[in-house]
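Undergrad: based on what follows, work out the 3D shape:
(one chain, ligands or ions: 1)
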Amino acid sequence: TMNDYQPDNIFAKILKGEIPSHKVYEDDTTLAFMDVMPQSKGHTLVIPKTGSRNLFDADPDVLSDLIVKTQKVARAVMIATEADGVRIAQFNESAAGQTVFHLHFHVIPMYEGVPLKP
Ligand code: 5GP
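TA: Numbers count the residues shown, from 1 in each chain. Below is the predicted model of the structure:
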């Protein structure tokens, strides 16, 4: 249902180290790692270490911290990839395209003239 956080979701397993990931940033509250199905070179996901299903479920303090960390990650990813721009995306519930029910921001580097992969 809408407000359930399932502690066995794939990002929870990544946080616990039960599933491997290519980490690009980590601190006490936040983890960023490469998306396994990147829509562009450098596509990164930024997640809080605490469990929230999505944007609506998130504690405001967690969300505030997460957006600041996303800014930091996006800046670093943009420099590392030499991208021309960056998209930040975030989906809530299946109808909106959410497939992993642990709050995350997509950091999607954009390259002039290069369309996103589907
Ligand atoms: P959503 O559609 O929920 O916003 O995006 C979930 C994202 O997680 C997708 O872009 C998908 O490729 C990515 N993803 C799904 N499973 C894994 C995984 O096991 N490892 C990593 N690194 N990314 C995953």
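Undergrad: going forward, measure contacts between C-alpha atoms and count neighbours the same way
TA: Will do.
Undergrad: burial of the residue nearest to Glu112 when sequence neighbours are not counted, as a residue count?
TA: Sequence neighbours aside, Asp84 is the residue nearest to Glu112 in space, at 6.1 Å (criterion: C-alpha to C-alpha, 6 or more residues apart in numbering). Other residues near Asp84 come to 12 when the count uses other C-alpha atoms under 10 Å.
Undergrad: what's near enough to touch Asp84?
TA: 78, 109-112 (C-alpha atoms under 8 Å, 6 or more residues apart in numbering).
Undergrad: buried ones among those?
TA: Buried members of the contacts of Asp84, counted by 16 or more other C-alpha atoms under 10 Å: 78, 109-111.
Undergrad: okay, and which of those residues map to helices?
TA: Met78 (DSSP state H).
Undergrad: which SS class is the residue nearest the centre of the chain?
TA: Centroid-nearest residue in the chain, with C-alpha atoms, centre = their mean: Leu45, separated by 2.6 Å. Secondary structure, DSSP: H, G, I helix; E, B strand; the rest coil: Leu45 is strand.
Undergrad: could you measure from the residue nearest to Ala32 when sequence neighbours are not counted over to the ligand?
TA: The spatially closest residue to Ala32, leaving aside those adjacent along the chain, is Val46, at 4.3 Å (C-alpha to C-alpha, 6+ apart). The spacing between Val46 and the ligand, counted by C-alpha to the nearest ligand atom, to the nearest Å, is 10 Å.
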